[in-house]
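1. Quick check, what structure comes out for this input:
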Amino acid sequence: MQKFVMLGKYSTQALQGMSVQRTKRARDMVKQFGGEVEEVYAILGDWDLVLIVSLPSLEDALKASVALTKLTGIGFSTSPAVPVETFDQLMSKL
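-> Below is the predicted model:
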């Protein structure tokens, strides 16, 4: 499984649809792509949400990101996340 950080920005439509049920549907949707939502945070600043998810592949992350936007109206910017220990190992070989 690969980890991804999903940064979400609410649209007006997304704000109107907020509910515990929608959050559950979003978590279930990630599972449909073979993944798991590990953490969800509401934040202040340029973004409104941060999701930490595990998914089998980059392709699954792309599908999940678009599917979640269609479901919720929340726009997502999704990026792969590499543990810093792995990053350090990779960079030590340069």
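
2. and Leu71, what is it in contact with?
-> Going by C-beta atoms under 8 Å, 6 or more residues apart in numbering, Leu71 touches Arg22, Arg25, Ala26, Met29. For the C-beta atoms, the positions are set from N, CA and C on the backbone; glycine is no exception.

3. Let me know how buried Ile74 is, in neighbour terms.
-> 23 (other C-beta atoms under 10 Å).

4. Same check on Lys31?
-> Around Lys31 there are 11 residues (other C-beta under 10 Å).

5. Mind picking the one among the contacts of Leu71 that's closest to Ala61?
-> Distance to Ala61, by C-beta to C-beta, is smallest for Met29 among the contacts of Leu71, at 12.6 Å.

6. Work out which residue lies at the spatial centre of the protein.
-> Centroid-nearest residue in the chain, with C-alpha atoms, centre = their mean: Met6, separated by 3.1 Å.

7. How about the secondary structure of that residue?
-> Using DSSP: H, G, I helix; E, B strand; the rest coil, the structure places Met6 in strand.

8. who's in contact with it?
-> Shown in contact with Met6 (C-beta under 8 Å, 6+ apart): Leu49, Val50, Leu51, Ile52, Val53, Ser65, Leu68, Phe76, Ser77, Thr78.

9. Among those residues, which lie within strands?
-> Leu49, Val50, Leu51, Ile52, Val53, Phe76, Ser77, Thr78 (DSSP state E).

10. I figured the third one was touching Val40, is that so?
-> This points to Leu51. Yes - because the distance of 5.2 Å satisfies C-beta atoms under 8 Å, Leu51 is recorded as touching Val40.

11. Between these two, point out the one with more neighbours.
-> Neighbour count, other C-beta under 10 Å: between Leu51 and Val40, Leu51 has more, with 23 against 15.

12. Many thanks, we can stop here.
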